[in-house]
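*Asks:* Provide a 3D model corresponding to the input given below.
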Amino acid sequence: MLSKQKVFTLGLQHVLAMYAGAVIVPLIVGGALGLNNTQMAYLIAADLFTCGLATLLQVMGTKYFGSRLPVILGCTFTAVGPIIAISLSSNLATAYGAIIISGIFVVLAAPLYGKLLKFFPTIVTGSVVTIIGLSLIPVAMNNVAGGQGSPDFGQPRNLLLALITLLVILIVNRLATGFLRSVSVLVGLVVGTAIGYGMGIVHFSSVSEASWVSIAQPFYFGWPEFNLTAIVTMIIVNIVSMVESTGVYFAVGRATEQKVEQKQIVNGLRSEGLAIMLGGIFNAFPYTAFSQNVGLISLTRVKTRNVIFAAGGIMVVLGLLPKLAALTTVIPSAVLGGAMIVMFGSVAASGMSILSEVDLRKDGNLLIAACSIAVGLGSATLPAMFDQLPEFAKMLLQNGIVSGSLTAIILNIFLSKTKDNTVPTAVSQEAQ
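*Replies:* Predicted coordinates for the structure are as follows:
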């Protein structure tokens with residue numbers, strides 16, 4: 001039984017693992033819309049606060065809401081472009097009106113979506129989980145080099161810092177035992193940040209400038225306005241997120257060594273829909289299951305939901321106390337990149353483990369896995385190849401997880417011949 005202090009520490013480790021992915025969305029959206037410093041500070045604080053609430057909803061679980069899986073929810077990057085486009089063509093209130101309605105759509109559509117899970121047999125889920133891990137590797141490597149667009153991108157000191165962080169995590173994970181081993185990523189982040197401070201690349205100016213308290217306010221940017229085109233756009237965004245989240249649920253099930261039931265996925269998606277509505281109300285963002293934390297579960301082998309519950313609570317507090325939130329931003333990108341290598345690699349390895357249970361010599365399984373992984377990884381690493389397509393197609397195909405999943409599902413329908421390959425083995429189709 002983990003003590004409260006250990007649960008808190010493990011929860012903090014999860015928060016630090018996903019923090020960069022959580023705050024990059026408000027930074028990009030706020031910057032593109034020309035928000036002032038006060039508005040930007042609110043956007044980040046509201047995002048963290050709502051991230052925490054959404055995660056708590058997902059983990060706690062009720063009869064109809066929450067998967068009760070150790071899943072962390074974060075803002076989906078798929079929504080960045082549409083939110084900016086809607087806001088520039090009308091205003092932010094219209095974007096948030098569309099987010100609220102799209103959240104209602106997800107809640108209502110989740111049961112229907114659950115009936116489509118028969119198209120996710122083992123060969124498909126294994127391919128999807130592998131794609132999730134592989135598509136995140138470029139994100140890790142960008143951070144290893146210092147962060148895409150940073151002035152010191154690729155400098156040797158960044159590569160060295162990432163390597164040191166990775167080595168610390170590996171050494172602690174292999175040589176330590178018990179609790180210390182389970183917080184190997186946190187140890188690596190702390191050591192890497194301390195070394196980065198010695199190199200002169202860690203600065204605390206953002207901490208001193210941040211306010212102490214910020215309370216998330218409903219409709220901070222004005223009462224929601226509704227536009228049909230904006231609503232349809234955000235519904236499409238969240239359909240994409242539903243497919244992405246399904247893959248994450250399967251990956252978490254694999255990491256925690258449990259069968260993910262259809263009811264859990266449906267309840268999890270309902271909870272995401274509720275979280276999306278909260279994002280619209282508090283003027284934050286649409287939320288989806290974060291794949292960043294799956295690898296951390298595999299690496300630490302800590303599968304209890306209490307840890308994720310603690311992570312959700314920490315994010316709520318960070319959303320209320322911006323100065324504490326700013327303290328977590330001092331971790332250098334290269335340090336995060338070093339930690340991401342092992343976490344994201346663990347997700348890919350988990351997918352390969354699922355695929356090892358399938359006979360790749362039979363019934364087109366090799367083609368299903370090969371083509372879906374290639375398409376998914378290609379979309380993730382070179383999304384610009386779809387820039388000339390209509391906006392709807394771009395939204396689907398530029399997301400490697402979605403394009404790879406759709407490829408695997410379609411090929412499975414046409415290439416599989418045996419009953420074993422058409423009935424899911426990764427999902428229990430329990431009645432709703």
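*Asks:* Any stretches of the protein with poor pLDDT?
*Replies:* 20, 31, 37, 206-207, 209-210, 325-326, 328-329, 395, 417-432 (pLDDT under 70).
*Asks:* Now name the helix or strand holding residue 396.
*Replies:* Of the helices and strands defined by DSSP states H and E, residue 396 is found in helix 391-397.
*Asks:* which strands and helices sit next to that helix?
*Replies:* Packing contacts for helix 391-397, counted by 3 or more Cβ pairs under 8 Å, 6 or more residues apart in numbering; DSSP states H and E, involve helix 228-255, helix 400-415. Using the backbone N, CA and C atoms, a C-beta is placed for each residue, glycine as well.
*Asks:* Now do the contacts for residue 106.
*Replies:* Applying Cβ atoms under 8 Å, 6 or more residues apart in numbering, we find residue 106 in contact with 238, 242, 269-270, 272-273, 276.
*Asks:* For residue 143, state which of those is nearest.
*Replies:* Closest approach between these and residue 143, by Cβ to Cβ: residue 272, at 26.1 Å.
*Asks:* Now the residue most central in space within the chain: closest residue in space, sequence neighbours ignored.
*Replies:* Closest residue to the average C-alpha location of the chain: residue 290 at 2.1 Å, with Cα atoms, centre = their mean. Closest residue in space to residue 290, ignoring its immediate chain neighbours: residue 74 at 4.1 Å, by Cβ to Cβ, 6 or more residues apart in numbering.
*Asks:* For the stretch 251-400 of the chain, just list every one of the helices.
*Replies:* For the stretch 251-400 of the chain, applying DSSP state H, counting those that start in this stretch gives helices covering 262-281, 294-300, 305-320, 322-327, 333-355, 365-381, 391-397, 400-415.
*Asks:* re earlier: across the sheet, point out what pairs with the residue nearest to residue 290.
*Replies:* residue 288 (DSSP bridges).
*Asks:* Assess the claim that it and residue 19 are in contact.
*Replies:* No - in this structure, residue 74 is not within contact of residue 19 by Cβ atoms under 8 Å, at 9.2 Å.
*Asks:* So between those two, which is more surrounded?
*Replies:* Neighbour count, other Cβ atoms under 10 Å: between residue 74 and residue 19, residue 74 has more, with 27 against 21.
*Asks:* can you count the residues close to residue 414?
*Replies:* Neighbour count of residue 414, defined by other Cβ under 10 Å: 10.
*Asks:* Now do the buried residues in stretch 134-147.
*Replies:* 134-140, 142-147 (16 or more other Cβ atoms under 10 Å).
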